[in-house]
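Asker: need coordinates for the below:
(chains A and B)
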2 protein chains.
Amino acid sequence: MTAEIICVGTELLLGDIVNTNAQFLSRELAELGISVLHQHVIGDNPARLEELVRQAKSRSDLLIFSGGLGPTEDDLTKETVAAAFEDTLHFDEAEWQKILDFFARTNRRPTPNNRKQAMVPTRGCKLENAHGTAPGAWFEDGGCAAALMPGVPREMKAMWAEQVRPRLLAKQNCTIHSKTLRVLGGESSIASKAAALFDGENPTAAIYCKTGESEIRVTARAADAAAAERLCDEKLAQFREVLGPNAYDVDVPGLEYTVVRLLVENHLTAATAESCTGGLVAEKLTNVPGSSEVFGFGFVTYAEAAKTRLLGVSPELIEQYNVVSAPVAVAMARGALEVSGADLAIGITGIAGPGGALPDKPVGTVYLAGENRRTGAGWVQRLELGGYHDRAIIRTRAALYALDLFRRMALGLAPENAVPTTAAEPAEHYVF
Amino acid sequence: MTAEIICVGTELLLGDIVNTNAQFLSRELAELGISVLHQHVIGDNPARLEELVRQAKSRSDLLIFSGGLGPTEDDLTKETVAAAFEDTLHFDEAEWQKILDFFARTNRRPTPNNRKQAMVPTRGCKLENAHGTAPGAWFEDGGCAAALMPGVPREMKAMWAEQVRPRLLAKQNCTIHSKTLRVLGGESSIASKAAALFDGENPTAAIYCKTGESEIRVTARAADAAAAERLCDEKLAQFREVLGPNAYDVDVPGLEYTVVRLLVENHLTAATAESCTGGLVAEKLTNVPGSSEVFGFGFVTYAEAAKTRLLGVSPELIEQYNVVSAPVAVAMARGALEVSGADLAIGITGIAGPGGALPDKPVGTVYLAGENRRTGAGWVQRLELGGYHDRAIIRTRAALYALDLFRRMALGLAPENAVPTTAAEPAEHYVF
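Answerer: Numbering: from 1, shown residues only, chains lettered A, B, ... in the order given. Down below sits the predicted model:
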């Protein structure tokens, strides 16, 4: 089976946004064993779109569209594809009611143009949009199928998973199952440890790089779902054995979800004291539904006075070791633990840049400390994140290390490259 | 002038990487006033590539390629395009010597295939590659030009800037300038107020939707840079007149940059007390370089005990009005103002969902309060953000309102739909 991906949107042609939809769809189609021959991006021009659709329909089995379903007069994708697939559109009362409800809920009023969005295929069928106003559309003609989805990535991904992927699976005779292992660390360090595991036709394994971590996606085909899942699990176990505790979870959106789950499971509460990350760790934790069970107190102590007044870090300690130092990170974590009454706390102080570098502390130098009330154990580590020359990346990577420190404390694992600290030990013992 | 971008690479069709080259090239071409009609991604298949090149050449003035210049036998892009442009390739001794030198420097040995990379156009010309082994190629035929560049983004960007962009500028007789106005509110509310301003050929204006706000990009062409900029400024002034204070800034990455600039300009400091946004407002502010000048204290008071202990919100007030209420938001803002000593403070409490809804307060109900020490003025507003059914969107929109409240307080503008509060007034006066 061959496919072409057609993304409709002037903002793509103008370079205002990166086309992440094309990557997502390519990956998903590859996983279903469907060969993508061509990706296209085209604007809201009916004549050019019509020419493209006719060509693509004549040479490929499947056309996957994203974008072009908006309410403005320019958005003629649905009409154009319907014509090429010998279909027509008709007004759908139920979809119109959904649009009216959505506008009412968001305190807005629909325009007459919004009625266009309630037009659905006559011979084909509509694709429900669980996350937005515009339904998608499915057309079939002459051995070729077309799926039209919204351009907004969140809406497109949901419609793909709920409406399009199941239809494509039904056309095939096997089941496909995927699981995604998340691993801290870059692609090259993972590839060097686990290279052999990426060979093999079934299951397949592919690696995708994220900031400070990687995803390994394992995909298996089998006659039934249980067998496919078993194949995935066997492969994942092999990866986990080679990669050790850096492989932190399966099928989660991010490390903060793993941390919240581990805190809940272990009846632990957590607090944060952040300087250079400015609330990013707290923000990530509290973005996980249910995090209020385990997280109550976050301190964004950006100023020295805030570290002193809110966390009890002594001005002398700051004076002696500098505000970006291991002793100050430790004092921040201890202060957060004390004021909040939480079981675990982290403290982060560093230089996110672009300014603020010190002679022995370049931009990207970050001190991260963790304290565990239950065990009395503490840890502090120095991170060097400046190679990326990017404030946002330095902050994101520092937050990832902080979340991993919570994870390791919750699991009773020692953090890598960290120095143990105890309250009895004087601060000068962990200056580095 | 019209253009098509053609990216060659199987890794793009498999979804292994995002196509950032297409975005970069689209933006650069848009800025030169060249309309990109189509972006293509295609694999190393000579027959399909040939068909595409002939079509694109017949309808567009310029074809910009990235990828396909590698040494393997599959890489036939250069040969295919040469044929379509009635040109031939010949071996270039100087390029071959550069390739040999490069391999020697990196302690590797070239393969016979690498000789392919030293083949350059005969009627057209080569494009020097300052950062890699493979030269690019430039072809012209029948009023159409083609530029072939490497797929590695670093090499491609350098070749674009040094070789391709100057050639294209030389073909034009004018200068292009763009400015982007950022406006709070959705596309439809802006379009309804300013519809007429989106007409016109020079300058052009286009709108792009973001969460809770929109960008209006104005692009002008003129004989010189000053005239083009003047045309942009005139158009922006018209938009600002129609849209009022919701149009908040020009050419900034986001509202937090405007807030930090206004705080610096007005010698104001700010503090945050966040519950449902969990540190998002602090995180956004501190992501702005230089924000430490104006932001020192952030409180993430996710638990009731944190609101009481850190901000002095009385347990009785919480008991009486509920933790998600206008009086608690006001008390949070006042507590943050007092503890931090800042000039401005905001307090946010709400229900981000999916759980936690109350009978009269559905998911998405957020109370936002602001306090201004200098004027003694306070404000509180109730936001209904639940229509989006998405925790992340509710938080992002609530944070945007909070940033806008800082902006309005810094500018002395009353927030829309907010109730004024004073310390003298009892809390029951602003229960809603």
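Asker: so in chain A, which helix runs the longest?
Answerer: Ranked by residue count and defined by DSSP state H, the top helix of chain A is helix A:391-411.
Asker: going by neighbour count, list what's buried in that helix.
Answerer: The neighbour-count check on helix A:391-411 (16 or more other Cβ atoms under 10 Å in any protein chain shown) flags A:391, A:393-410 as buried. (Each C-beta comes from the backbone N, C-alpha and C, glycine too.)
Asker: just stretch A:4-17 next, same as before
Answerer: Judged by neighbour count using 16+ other Cβ under 10 Å, the buried positions of stretch A:4-17 are A:4-16.
Asker: okay, now the residue of the stretch 301-432 of chain A at minimum distance from chain B: neighbour count?
Answerer: The minimum distance from the stretch 301-432 of chain A to chain B, using Cβ to the nearest Cβ, falls at residue A:303 (2.8 Å). Applying other Cβ atoms under 10 Å in any protein chain shown, we find 23 residues neighbouring residue A:303.
Asker: now residue A:55
Answerer: 17.
Asker: and it, how close does it get to residue A:346?
Answerer: Noted for residue A:55: a distance of 56 Å to residue A:346, by Cβ to Cβ, to the nearest Å.
Asker: low-confidence ranges, chain A, go.
Answerer: For chain A, the stretches with pLDDT under 70 are A:388.
Asker: spell out which residues make up each domain of it.
Answerer: Domains of chain A are assigned by automatic domain parsing as A:2-171, A:175-250, A:255-430.
Asker: residue A:183 is in contact with residue A:217, correct?
Answerer: No. Under the criterion of Cβ atoms under 8 Å, residue A:217 makes no contact with residue A:183, lying 11.3 Å away.
Asker: just to revisit the earlier point, closest to residue A:235 among the buried residues of stretch A:4-17?
Answerer: Nearest to residue A:235 among the buried residues of stretch A:4-17, counting by Cβ to Cβ, is residue A:5 at 27.7 Å.
Asker: dig out what the closest one forms beta bridges with.
Answerer: Beta-bridge partners recorded for residue A:5 (DSSP bridges): residue A:39, residue A:64.
Asker: tell me who's in contact with it.
Answerer: Taking Cβ atoms under 8 Å, 6 or more residues apart in numbering or on different chains, we find residue A:5 in contact with A:22, A:25, A:26, A:29, A:36, A:38, A:39, A:40, A:64, A:65, A:66.
Asker: among the residues you listed, the buried ones, what's the PyMOL command?
Answerer: The buried residues among these can be selected in PyMOL (16+ other Cβ under 10 Å) with this line:
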select buried, chain A and resi 22+25+26+29+36+38+39+40+64+65+66
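Asker: ok, the contacts of residue A:5 vs residue B:90, which is closest?
Answerer: Among the contacts of residue A:5, residue A:38 lies closest to residue B:90 (Cβ to Cβ), at 31.3 Å.
Asker: that closest one and chain B, how far apart?
Answerer: Distance of residue A:38 to chain B, computed by Cβ to the nearest Cβ, to the nearest Å: 6 Å.
Asker: surely that residue touches residue B:39?
Answerer: No. The criterion here is Cβ under 8 Å, and residue A:38 misses it with residue B:39 at 10.9 Å.
Asker: out of the domains of chain A, which gets nearest to residue B:249?
Answerer: Proximity to residue B:249 (Cβ to Cβ) singles out domain A:2-171 among the domains of chain A, at 17.4 Å.
Asker: okay, which residue is most central for chain A?
Answerer: When Cα atoms, centre = their mean is applied to chain A, the residue found nearest the centroid is residue A:253 (5.3 Å).
Asker: which strand or helix spans that one?
Answerer: Per DSSP states H and E: residue A:253 is located in neither a helix nor a strand.
Asker: now do the buried residues in stretch A:132-150.
Answerer: Of the residues in stretch A:132-150, those buried under the neighbour-count criterion (16+ other Cβ under 10 Å) are A:132-141, A:144-150.
Asker: neighbours of residue A:193, how many?
Answerer: 16.
Asker: doesn't it fall inside a helix?
Answerer: Yes. Membership of residue A:193 in a helix is supported by DSSP: H, G, I helix; E, B strand; the rest coil.
Asker: then stretch A:337-357 to PDB, C-alphas only?
Answerer: Below are the C-alpha coordinates for stretch A:337-357, written out as PDB (Å, rounded to 0.1, in the frame of the first residue of the first chain):
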ATOM      1  CA  LEU A 337      12.000  20.400  53.000                       C
ATOM      2  CA  GLU A 338      11.600  22.200  56.300                       C
ATOM      3  CA  VAL A 339       9.100  24.900  55.300                       C
ATOM      4  CA  SER A 340       6.900  22.600  53.300                       C
ATOM      5  CA  GLY A 341       7.100  19.500  55.500                       C
ATOM      6  CA  ALA A 342       7.400  17.400  52.300                       C
ATOM      7  CA  ASP A 343       9.200  14.100  52.200                       C
ATOM      8  CA  LEU A 344      11.500  15.000  49.300                       C
ATOM      9  CA  ALA A 345      12.800  18.300  48.000                       C
ATOM     10  CA  ILE A 346      15.100  19.500  45.300                       C
ATOM     11  CA  GLY A 347      17.100  22.800  45.100                       C
ATOM     12  CA  ILE A 348      18.400  24.200  41.800                       C
ATOM     13  CA  THR A 349      20.700  27.200  41.300                       C
ATOM     14  CA  GLY A 350      22.600  27.900  38.100                       C
ATOM     15  CA  ILE A 351      23.400  30.200  35.200                       C
ATOM     16  CA  ALA A 352      20.900  29.900  32.400                       C
ATOM     17  CA  GLY A 353      22.600  32.700  30.400                       C
ATOM     18  CA  PRO A 354      23.100  34.500  28.200                       C
ATOM     19  CA  GLY A 355      24.700  36.700  30.900                       C
ATOM     20  CA  GLY A 356      26.000  35.900  34.300                       C
ATOM     21  CA  ALA A 357      29.000  33.700  33.600                       C
END
